[in-house]
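# Generate a structure from the sequence data that follows.
(chains A and B)
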Amino acid sequence: MKEILMLAAICVPLLGAFLIPIFGKAITKLRNALALIFVLTALLCSILLLPYAVADNDAVIHIYLPLGLSIGFHADALAVFMAITSTLVSSVIVLYSFGYIKDYPNQNEYYLMICLFIGAMMGLVYSSNLILLYMFWEITSFCSWRLIGFYRDRTALIRANKAFITTVLGALIMLIGFIGIYAETGTFDLSVIKGYTLPSWIVAVILVGILTKSATFPLHNWLPDAGVAPSPVTSLLHAAVLVKIGLYAYVRLFVVELNIDKVFETIVPVIAAVSALLSAGAALKATDIKRVIAYSTISQIAFILLGLSCGVEVGLAGGLLYILAHSIAKGGLFLCAGIVEHALHTKDMSKMGGLIKTMPVTAISCLFCALSVMGIPPFGGFFAKFLVIDEIVSAGQITLGIIFIIGAIMTVLYLARMFSLVFLGEEKAKAHEGTKVMLASVIILAVLSLFMGILINLPTELVKMVGGLQ
Amino acid sequence: MRALQYVSMLFVIIPLTALIVCSLIKRSRQNAAFYLLSAFAAAQVGLALYGLMLFNSLNISEYSFGFHITQAVADVFTLKPASLVMLLCIGLVSFTSLLVAYKTMPANKKLSYLRLLSALIIGMNGIVLVNDLFTMYLFIEIIGISSFVLISTTKTEEGLESAFIYLVMSSLASIMLLTGLAFIFMRTGSLKFEYLIAINNTSAEVSQNALTYLSYILVISGLLIKTGAVPFHSWLPDAHQSADTSVSVLLSGIVIKAAGVYCLMRVTDIFGNLYAIRLSLAILGVITIAVGAMFALHQNHFKRILAYSSVSQMGYMLLGISAGGILGFIGTMLHIFNHAVFKSTLFTNAAALHEEVHTLDIDKLGGLQKQMPITATTSLIAFLSTAGIPPLSGFWSKLLIIIALWKANFIGFAAAALVLSIFTAAYFLRLQMNVFWGQTPEHLQSIKEVKGTIRFAEIMLTIITIAVGLGFPFILLFLEASGII
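Below is the predicted model:
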């Protein structure tokens, strides 16, 4: 039963994606519904897997192949947690797309790529084999390439190519590390090599792949440029799924399955600190609304990475909690930006202002999500950020703690700046509220951000189990 | 055993029959010859697959045969699983080429194309079956001459020029090969593969003198010209660009591999495990990958990009050969097959574009995905496979080659080969962006998707690419069951 659930979570969106163009030719409503059903199936199956994973009765599929290759899937608590996080936000994004994307050409390809992307994400989190991990990793690169270039104008295509080249190059360098592991141990199977201590050079090359995918300085360059994509896509790529892949790989490989040298507990947080400050500075200067949120993503990813890499278990729990909080809140921010962009046909914040009067629902949802990202209690983001910084300070890394507090203050500044430029002040342009589906989507995410903070006990319990704490 | 005997003889008899029939037939009946040759090519694919099954069930590793009048003559041909894979590729690529030529070849050239193709198949089938160096050389010449005429069939100025370049390079290769063979014969007194392998394994000093090295260098350089490896690649892009697309399919799909890479594999067997040779092949391999890809990035002609991409992919095969060992061998064979499939797909796409849009200049194309969805999708899949994106077939062969390199302690080369595949992605991204993706210019709005045999070829080859990629675990299990790995 649990194995079937796991396979369904992977295969329904992954294979179902290819049905979408077939139905899309005939009935567009059915196609849209199917896309949502596929993603919801993945969400539902992952939720149903949760009791098994919590009870340490994991679903495992393992098929032997020669040469140390294998096909392996394993639904442990971490995998299920990531799967639920990403499909939860993805479902809302698919719902939002119904309103956002309905007037553009190439919708069949759009829904195909979205489903394939989420299916690949499911495959990635559940796979327990390095080659499978790499395979799904590349499928997500491919899908994001097609999705970023959705509008088909020259700029979009060039930036799509840039994102593809950067992430694939990172992945290839990471593959060198995987083959290095294979050469040392004779297998790609994570369950066989669990507990193996990685040589430092392998950690370094795998880190390159992780940092490109998660857009961390100095390999972050593709992410702000990818903002040319439609807003649901940026939300999916920059908030819910793509950038989280790198973080997931970090936890999966370097924390849960394999051991790494202690020195990385200093190196990675330092990289994260630089990344957090630089991108926060860039976010303060940017005038394009999606660029602000994109730089903010880079900065918040650094917070998560800090929590995951500091080597303290509570820090890890904080990092995981922040993955959830950030997916929801940042997803919501991108979707709100999408509504604004849809109404005004511009992304330039200097041409906006006073939108709170004409778009009250969007403004309030945006505020909720922004408060969560800023880390204002009682929103979800606060608890996560607090845990991370608290742990790094009590672990004795005072300097890092201070840097990250500065980063958090900058977050408050640039998000407040963005909010006031867009929604407050005098009214510079005429606007109208988004469609009902789009508003419903942002309301869901805003409310989730709030409730995640109020009911912080629930996700914290889950995360503690994931992190192996009792 | 009897079945195997018939199967193996058919590989020689079929193309000979085809050549005779095509030479005798009247021009008014040329379509009948077309169908006949297509049937023969398809039959070769079937026979090769059947042969592989026979090898598996009989549990033998090779089978020698000849056309004896008396038993006193030694067998001239040897059939191995590797030659069967090559025969499979030859059949498949010839079949694709025929499908493409059916549309693209002018009516007055069709018959000569068919005759030359039969001659070419004789040469290629021969080359993968021979068991001595001199017969190998003869078949290389047959391939060289028939491809020379095939390239020049367009009779345009640049077609003739590139055919001439090919002829010059090819004669240079012949001279080198023949001189090299003469030196080897002088030293050993035989050119049989078996004998040469045996003496190299027994006497170390024979393989250490200067003459031996000279002969090896000559033979390998000759074969590298045929392969189109850097720095001997100059003939290849010109030939591909100016030849008819059905001929480019043949050249890139199989000729450079049968006459180049496969022969290199055979001769490196003879040279044994000489580190110097393996190292130089590995260095050449990496240079070939890099230079081919760099040139491909700067071309504006669809077929020229594909030609340089072939050069670059040959580098991976050279690396596979240099890695040696069973993994390197399987990786190279698999890459030969995969490359035959995906590069034929891409050239078929080129034929489709040429038929419908009448230009292959990528600056004049654009946004054709809506107009030509099948061509766009098949080229996209072929591109992903070439760039080694899993789970498509190209990824697995590259992975095997890289693991083999790593095991042979060529770690730097393995890493370089991996990182350089980003350039493959880069030039194909550029191609996709300029041809299929993006917005459709006004004058291309009315373009229609290609129909008939070309469309069939595109779909067939793409299905093979996907099936081999997804079915790779079964290939591994099959190889393990037959005791190869």
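# what about the strands in the stretch 51-200 of chain B?
Using DSSP state E, counting those that start in this stretch, the strands assigned to the stretch 51-200 of chain B run over residues B:63-65, B:77-79.
# if you compare the ones you listed, which one is most tucked away?
strand B:77-79 (a mean of 22; mean count of other CB atoms under 10 Å in any protein chain shown). Where you see a C-beta, it was placed from the backbone N, CA and C, and this is true even at glycine.
# which other residues reach the helix or strand residue A:385 falls within?
With elements taken from DSSP states H and E, the one containing residue A:385 is helix A:380-394. With contacts defined as CB atoms under 8 Å, 6 or more residues apart in numbering or on different chains, helix A:380-394 is touched by A:269, A:303-304, A:306-307, A:310, A:312, A:314-315, A:317-319, A:321-322, A:324-326, A:328-329, A:371-377, A:400-401, A:404-405, A:408, A:449-450, A:452-453, A:456, A:459-460.
# Is it possible to get TSV of the strands of the stretch 51-200 of chain B that adds distance to residue A:199 and mean pLDDT?
Below are the strands of the stretch 51-200 of chain B laid out as TSV (distance: least, CB to CB, whole Å; pLDDT from 0 to 100):
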stretch	distance to residue A:199	mean pLDDT
strand B:63-65	47	86
strand B:77-79	45	89
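# closest one to residue A:34 among those strands?
Among these, strand B:77-79 comes nearest to residue A:34, with 50.9 Å by CB to CB.
# helices and strands around that closest one, which ones?
helix B:2-24, strand B:63-65, helix B:110-129 (3 or more CB pairs under 8 Å, 6 or more residues apart in numbering or on different chains; DSSP states H and E).
# hmm, back to that, which one, of the strands of the stretch 51-200 of chain B, ends up nearest to residue A:334?
That would be strand B:77-79 among the strands of the stretch 51-200 of chain B, by CB to CB, at 61.5 Å.
# Off-centre distance for that closest one?
Taking CA atoms, centre = their mean, to the nearest Å, one finds strand B:77-79 lying 19 Å from the centre of the chain it belongs to.
# what does it rub up against?
B:4, B:8, B:11-12, B:51, B:62-66, B:129-131, B:193.
# List the buried residues for the helix or strand bottoming out on mean pLDDT in chain B?
For chain B, counting by mean pLDDT, DSSP states H and E, helix B:193-202 ranks last in confidence among helices and strands (a mean of 78). For helix B:193-202, burial by neighbour count (16 or more other CB atoms under 10 Å in any protein chain shown) applies to B:193, B:196, B:199, B:200.
# And stretch B:414-425, by the same measure?
B:414, B:415, B:416, B:417, B:418, B:420, B:421, B:422, B:423, B:424, B:425.
# Quick check on the nearest residue to residue A:244 once chain neighbours are set aside: phi, psi?
Excluding its sequence neighbours, the residue lying closest to residue A:244 (CB to CB, 6 or more residues apart in numbering or on different chains) is residue A:323, at 5.9 Å. When read as degrees, to the nearest 10, the backbone of residue A:323 gives phi -60, psi -50.
# again with residue A:197
The phi and psi torsions at residue A:197 (degrees, to the nearest 10) take the values phi -90, psi 120.
# ok, now how distant is it from residue A:262?
11 Å (CB to CB, to the nearest Å).
# May I have the residues that are in contact with residue B:98?
Remark: with contacts taken as CB under 8 Å, 6+ apart, residue B:98 is in contact with B:34, B:37, B:38, B:41, B:117, B:246.
# at 10 Å instead, please
B:34-35, B:37-42, B:105, B:113-114, B:117, B:246, B:249-250, B:453, B:457 (CB atoms under 10 Å, 6 or more residues apart in numbering or on different chains).
# Of those, which ones also sit close to chain A?
Counting by CB under 10 Å from any CB of the partner chain, nothing from these sits close to chain A.
# Indicate the residue of the stretch 201-350 of chain A located nearest to chain B.
Per CB to the nearest CB, residue A:205 is where the stretch 201-350 of chain A lies closest to chain B, at 8.6 Å.
# what are the ranges of the helices in the stretch 51-200 of chain A?
Using DSSP state H, counting those that start in this stretch, the helices of the stretch 51-200 of chain A run over A:77-100, A:107-126, A:130-148, A:154-185, A:200-213.
# which one is residue A:448 nearest to, not counting chain neighbours?
Residue A:448 sits nearest to residue A:328 (CB to CB, 6+ apart), 4.9 Å away.
# so the one you found is in which element?
Secondary structure assigned from DSSP H and E places residue A:328 in helix A:313-344.
# Buried residues in that helix, which are they?
A:314-344.
# what about stretch A:159-169, near chain B?
Yes. Contact of stretch A:159-169 with chain B (CB under 10 Å from any CB) involves A:160, A:161, A:162, A:164, A:165, A:166, A:168, A:169.
# Show the subsequent helix or strand relative to the host helix or strand of residue B:293.
Secondary structure from DSSP H and E places residue B:293 in helix B:275-297. Counting by DSSP H and E, the next helix or strand C-terminal to helix B:275-297 is helix B:302-323.
# Check residue 317 and give its pLDDT.
Looking at chain A here, since you left the chain open. Model confidence at residue A:317, given as pLDDT, is 83.
# um, chain B though
pLDDT, residue B:317: 95.
# try residue A:134
Value listed for residue A:134 in the pLDDT field: 95.
# Report how many residues lie close to the residue lying closest to it once chain neighbours are set aside.
Nearest in space to residue A:134, with sequence neighbours left out and distances taken as CB to CB, 6+ apart, is residue A:175 at 5.7 Å. Here the number of neighbours of residue A:175 (other CB atoms under 10 Å in any protein chain shown) works out to 28.
# shouldn't residue A:175 be in contact with residue B:418?
Yes. Taking contacts as CB atoms under 10 Å, residue A:175 lies within contact range of residue B:418: 5.9 Å.
# overlap in contacts of the two?
B:388, B:398, B:399, B:402.
# Share the number of residues neighbouring the third one, please.
Using other CB under 10 Å, residue B:399 is surrounded by 24 other residues.
# How about residue A:415: what's its closest non-neighbour residue?
Counting by CB to CB, 6+ apart, the residue nearest residue A:415 is residue A:370, at 4.5 Å.
# Please report how far that neighbour lies from residue A:446.
10 Å.
# on that earlier part again, residues contacting the residue nearest to residue A:134?
A:130-131, A:134, A:137-138, A:205-206, A:209, B:388, B:390, B:395, B:398-399, B:402, B:415, B:418-419, B:421.
# Tell me which residues touch residue A:148, please.
Contacts of residue A:148 (CB under 10 Å, 6+ apart): A:156-157, A:159-164, A:222, A:225-230, A:233-234, A:237.
# now residue A:102
Counted by CB under 10 Å, 6+ apart, residue A:102 has contacts A:28, A:32, A:435, A:437.
# what about it, distance to residue A:32?
9 Å.
# and what of residue B:381?
26 Å.
# What pLDDT does the model give the nearest residue to residue A:320 once chain neighbours are set aside?
Nearest in space to residue A:320, with sequence neighbours left out and distances taken as CB to CB, 6+ apart, is residue A:463 at 4.7 Å. pLDDT recorded at residue A:463 is 73.
# what helix or strand is residue A:463 on?
helix A:457-466.
# between that helix and helix A:77-100, how many degrees?
130 degrees (axes from the mean of the first three to the mean of the last three CA atoms, to 10 degrees).
# Can you give the contact residues for helix A:457-466?
The contact list for helix A:457-466, computed with CB under 10 Å, 6+ apart, reads A:50, A:53-56, A:76-82, A:84-85, A:251, A:256, A:313-314, A:316-325, A:380, A:383-384, A:387, A:451-453, A:469-470.
# residue ranges with poor pLDDT in the stretch 201-350 of chain B?
Where the stretch 201-350 of chain B drops to pLDDT under 70, the residues are B:201-208, B:272.
# And the residue of it closest to chain A?
For the stretch 201-350 of chain B, CB to the nearest CB, closest residue to chain A: residue B:327, 7.7 Å.
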